[in-house]
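K.L.:
let's see this in three dimensions:
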Amino acid sequence: MSADLSAFSESLASIVERIAPGLVRVEARRRHGATGIVWDAEGHILTTHHAIEQEGSITVGLADGRTVPAELVGRDPSTDLALLKADASGLTPLVPAPLEGLKVGHLVLALGRPGRTARATLGIVSTLGESWRTYAGGRIDRYLETDADLPPGFSGGAVVDTRGRVLGMPTAALSRTAAVVIPGETLGRVAQALRQHGGIRRGYLGVGAYPVRLPQGLWERAGGENGLIFLTIEPGGPADKAGLMMGDVLVSLGGQPLRSIEELLGYLGDEKVGTQVQARVLRAGEVREVPVSIGKRS
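P.N.:
Sure thing, here's the model as predicted:
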């Protein structure tokens with residue numbers, strides 16, 4: 001092994017040693033354990049939502065070998081994050097770094113603690129993009145993907161660069177084909193909301209919908225070529241109270257054209273809760289403007 005390669009190998013091992021005290025084992029499901037990161041010295045642990053199957057019997061395995069009980073503070077399925085409070089203090093937190101300067105092709109380490117010891121895999125940044133919405137409507141501030149392997153239990157751990165900076169938390173639940181990394185900006189925003197409110201407020205209409213393309217003869221009157229047809233209306237929900245019906249096609253909401261479920265979920269953010277907006281719908285070939293009050297779903 002050349003001297004340069006040996007030095008590089010040594011530097012990676014040093015990064016694992018430096019990060020390991022901030023990684024914990026989360027036991028909250030029947031099968032193998034998962035990983036969490038120490039969020040602050042007072043015992044808050046950030047992990048993935050899908051790692052918490054049993055809210056009533058959670059334990060956390062610390063880097064010093066102790067196993068302590070923990071309780072769930074809050075969880076957000078839409079971003080696959082959960083915040084725990086472990087019965088421990090004086091822990092070593094991991095502080096995420098901004099992604100400035102990060103490029104596709106940079107080497108990264110994926111670190112986890114599904115058992116007693118810290119484990120690592122090596123890969124590169126394979127994709128880096130702008131903010132995006134998960135299938136459940138959660139906002140992720142940057143799209144970051146790595147080809148580093150995520151063995152069982154690595155979700156909830158840390159992805160770090162070759163300088164030892166924590167770039168985010170890997171999860172296998174937000175994509176069926178890729179190892180997605182939740183960036184530090186999202187971790188901080190969601191963790192703060194979970195600590196303050198126990199959940200993330202989101203707007204909702206109380207509908208089940210499917211995207212459709214409108215007949216060409218209706219484009220001009222509807223003001224668009226696409227819409228969302230309502231397949232279900234939740235009794236007593238905001239759409240039901242506004243008089244919307246199954247079979248209506250939602251063309252726009254609050255003036256924003258809607259062509260996909262993702263666009264609807266993206267529109268129904270926290271800031272829309274409690275507001276009244278105009279829903280433009282097609283019913284039996286006629287355009288209607290219906291006022292609807294956006295409800296709250298935590």
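K.L.:
just confirm L144 is within a strand.
P.N.:
Yes - using DSSP: H, G, I helix; E, B strand; the rest coil, the assignment for L144 is a strand.
K.L.:
burial count for it?
P.N.:
With neighbours defined by other C-beta atoms under 10 Å, the count for L144 comes to 26. Where C-beta positions appear, they are placed from N, C-alpha and C, glycine not excepted.
K.L.:
ok, it - contacts?
P.N.:
99, 102, 125, 127-129, 159, 167-168, 180-183 (C-beta atoms under 8 Å, 6 or more residues apart in numbering).
K.L.:
got the residue ranges for the strands in the stretch 51-200 of the chain?
P.N.:
Counting by DSSP state E, counting those that start in this stretch, the stretch 51-200 of the chain has these strands, from start to end: 58-61, 67-76, 81-86, 107-112, 119-129, 132-133, 139-140, 143-146, 158-161, 166-171, 179-183.
K.L.:
distance to G254 and mean pLDDT for those - can I get that in CSV?
P.N.:
Output for those, formatted as CSV (distance: least, C-beta to C-beta, whole Å; pLDDT from 0 to 100):
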stretch, distance to G254, mean pLDDT
strand 58-61, 40, 96
strand 67-76, 24, 95
strand 81-86, 28, 97
strand 107-112, 40, 98
strand 119-129, 26, 97
strand 132-133, 17, 88
strand 139-140, 18, 91
strand 143-146, 26, 97
strand 158-161, 37, 98
strand 166-171, 31, 98
strand 179-183, 28, 97
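K.L.:
tell me which of these sits nearest to G199.
P.N.:
Ranking the strands of the stretch 51-200 of the chain by proximity to G199 (C-beta to C-beta) places strand 67-76 first, at 5.3 Å.
K.L.:
what's in contact with the closest one?
P.N.:
Under the contact criterion C-beta under 8 Å, 6+ apart, strand 67-76 has outside partners 26-27, 43-45, 49, 52, 55, 58-62, 81-88, 138, 190, 193-195, 197-200.
K.L.:
now do 7 Å
P.N.:
Contact with strand 67-76 is made by 45, 49, 52, 55, 58-62, 82-88, 138, 190, 194-195, 198-200, as judged by C-beta atoms under 7 Å, 6 or more residues apart in numbering.
K.L.:
can I get it as PDB, trimmed to CA atoms?
P.N.:
Provided in PDB are the C-alpha atoms of strand 67-76 (Å, rounded to 0.1, in the frame of the first residue of the first chain):
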ATOM      1  CA  THR A  67     -28.500   1.000  27.500                       C
ATOM      2  CA  VAL A  68     -31.000   3.600  28.700                       C
ATOM      3  CA  PRO A  69     -34.800   4.000  28.300                       C
ATOM      4  CA  ALA A  70     -36.100   6.700  26.000                       C
ATOM      5  CA  GLU A  71     -39.500   8.200  25.200                       C
ATOM      6  CA  LEU A  72     -40.900   9.500  21.900                       C
ATOM      7  CA  VAL A  73     -41.000  13.300  21.800                       C
ATOM      8  CA  GLY A  74     -42.600  13.500  18.300                       C
ATOM      9  CA  ARG A  75     -42.500  12.100  14.800                       C
ATOM     10  CA  ASP A  76     -43.000  13.200  11.200                       C
END
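K.L.:
neighbouring strands - and their directions - for that strand?
P.N.:
strand 58-61 (antiparallel), strand 81-86 (antiparallel) (DSSP bridges).
K.L.:
could you identify which of the ones you listed is most buried?
P.N.:
Highest mean neighbour count among the strands paired with strand 67-76 (mean count of other C-beta atoms under 10 Å): strand 81-86, with a mean of 25.
K.L.:
could you chop the chain up by domain?
P.N.:
Using the TED database, the domain ranges for the chain come out as 1-200, 202-297.
K.L.:
among those, which is the most enclosed?
P.N.:
Counting by mean count of other C-beta under 10 Å, domain 1-200 has the highest mean neighbour count of the domains of the chain, with a mean of 18.
K.L.:
so G43 sits right up against A88, yeah?
P.N.:
Yes - using C-beta atoms under 7 Å, G43 is in contact with A88, at 4.7 Å.
K.L.:
with just CA atoms, put the helix or strand I229 falls within into CSV.
P.N.:
If you go by DSSP states H and E, I229 is part of strand 226-233. Output in CSV follows, covering the C-alpha atoms of strand 226-233 (Å, rounded to 0.1, in the frame of the first residue of the first chain):
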residue,chain,number,x,y,z
ASN,A,226,-54.7,19.2,-16.3
GLY,A,227,-56.4,18.8,-12.9
LEU,A,228,-57.1,16.4,-10.1
ILE,A,229,-60.3,14.4,-10.0
PHE,A,230,-61.7,13.7,-6.6
LEU,A,231,-62.2,9.9,-6.0
THR,A,232,-63.1,10.2,-2.3
ILE,A,233,-64.4,13.0,-0.1
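K.L.:
thank you, goodbye.
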